[in-house]
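Novice: sequence-free structure coming up:
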């Protein structure tokens, strides 16, 4: 591991042969003075993984202990549950140490975030599912990591696990003993460690990656910005159409994500301490890196077909145009999403009017109200159920890569 700890960066243009390729990550220059830690230092997150978790999980994998761990984890679901019995002693000791919220977590803010999540839930289902979910396919490293890992071979199951993480995070009791999110975070963190051990063993993944070890702290930050920061930017944009979001709600929503990042093993010196710092970091670590890849195009098509498999009350063309509308036509072109200009006209004219009416700022129901309402509610049901209860979509630690990888 030590001799792999320095980044070997190739430009994505050379690696992909694409004219629209993203820039390679720049030398890190974001000062942690704007982080939760508040120290004025500069450390490169793309060279930071998870020292607490990686050696432990590598040993469990090499010793063939992961199937037994997954079986023990199946009954460990709520934050207040005792640690399951029968785990390897080293894993029990690790979980005993990390199974707590950070000292700086503010329960009052987390409670306010839960209330905000409930109030914004219909918008969040749309933005997380059709916005962030599809954006993930034009984050080259993320798309390749997902595609070549075990979960990439069964995207419906992979999406269900992602929905479980999002569902648990947005639950009213997410961080309380009755909630699931802290446990879900631990399982996700261990899963990341397994992928870090397994993917470098894949010749197919090594042939396309620009980095020797996947899922660094920098990569997790990128995912956060494609979720939390992206959603925050859209909410601010939609304020122009009457969406009401208070400063206290914005602060609470950020705090929820700050705690979530900490639970995933991101160092506090990388976690932004304000939305201004988050958007500054996002422009640095996310926007310049977006680009199409063969793997991402395949994943986007699979994910959009999953949404097409349920009745959302709209056409397939409408769904793809809404993804373009939320993300940009540039991303839509990268992903080769077919055009439906009639649907695009309906979306551009109807969505702002739908927002104004839903927020109670207009007594006149738009003609397109029922279409948008069925669509958003359908995405919500897909998110909430995905064919089964989230409780029945366990996050399990993988033991191999994609077959054939």
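Specialist: That came in fine, so what should we check first? All of these numbers come straight from a predicted model, not from anything done at the bench.
Novice: middle-most residue in this protein, spatially?
Specialist: residue 223 (5.0 Å; Cα atoms, centre = their mean).
Novice: That one and residue 142 touch, don't they?
Specialist: Yes - contact criterion Cβ atoms under 8 Å: residue 223 and residue 142 qualify, at 6.5 Å. Placement of C-beta: from N, CA and C, glycine included.
Novice: Mind listing the shared neighbours of these two?
Specialist: residue 136 (Cβ atoms under 8 Å, 6 or more residues apart in numbering).
Novice: Now do the contacts for the residue nearest to the centre of the chain.
Specialist: 136, 139, 142.
Novice: And residue 336, by the same measure?
Specialist: Per Cβ under 8 Å, 6+ apart, neighbours of residue 336: residue 297.
Novice: how about low-confidence regions in the chain?
Specialist: 1-27, 309-310, 383-393 (pLDDT under 70).
Novice: Tell me where the stretch 1-150 of the chain has helices.
Specialist: Per DSSP state H, counting those that start in this stretch, the stretch 1-150 of the chain carries helices over the ranges 12-16, 54-62, 66-73, 89-98, 107-119, 121-126, 133-135, 140-148.
Novice: Sorry, slip of the keys, the one I care about is the stretch 251-400 of the chain.
Specialist: 275-285, 294-308, 316-327, 329-334, 341-358, 369-385.
Novice: winner for burial among these?
Specialist: helix 316-327 (a mean of 21; mean count of other Cβ atoms under 10 Å).
Novice: How about residues contacting it?
Specialist: Contacts for helix 316-327 (Cβ under 8 Å, 6+ apart): 126-127, 130-131, 134-135, 234, 304, 307-308, 312, 331-332, 337-340, 343-344, 346-348, 351, 375.
Novice: Put together JSON lines for the helices of the stretch 251-400 of the chain, with distance to residue 185 on each row.
Specialist: As requested, the helices of the stretch 251-400 of the chain are exported to JSON lines (distance: least, Cβ to Cβ, whole Å):
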{"stretch": "helix 275-285", "distance to residue 185": "19"}
{"stretch": "helix 294-308", "distance to residue 185": "23"}
{"stretch": "helix 316-327", "distance to residue 185": "26"}
{"stretch": "helix 329-334", "distance to residue 185": "29"}
{"stretch": "helix 341-358", "distance to residue 185": "32"}
{"stretch": "helix 369-385", "distance to residue 185": "19"}
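Novice: Report how many residues lie close to the residue nearest to residue 41 when sequence neighbours are not counted.
Specialist: Closest residue to residue 41 apart from its sequence neighbours, by Cβ to Cβ, 6 or more residues apart in numbering: residue 32 at 5.0 Å. Number of residues near residue 32 (other Cβ atoms under 10 Å) recorded here: 20.
Novice: returning to what we had before: please tabulate the contacts of residue 223 in JSON lines and include neighbour count and distance to residue 97 as additional columns.
Specialist: Listed next are those as JSON lines, based on neighbours: other Cβ atoms under 10 Å; distance: Cβ to Cβ, whole Å:
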{"residue": "136", "neighbour count": "20", "distance to residue 97": "31"}
{"residue": "139", "neighbour count": "23", "distance to residue 97": "31"}
{"residue": "142", "neighbour count": "24", "distance to residue 97": "28"}
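Novice: how close does residue 163 get to residue 304?
Specialist: 15 Å (Cβ to Cβ, to the nearest Å).
Novice: Quick check: the nearest residue to residue 299 once chain neighbours are set aside vs residue 220, distance?
Specialist: In this structure, residue 299 finds its nearest non-sequential neighbour in residue 137, 4.6 Å apart by Cβ to Cβ, 6+ apart. Here the criterion is Cβ to Cβ. By it, residue 137 lies 17 Å from residue 220.
Novice: higher neighbour count, those two?
Specialist: residue 137 (26 against 23).
Novice: Thought residue 300 was touching that one, still the case?
Specialist: Yes - between residue 137 and residue 300 a contact is recorded at 4.0 Å, counting by Cβ under 8 Å.
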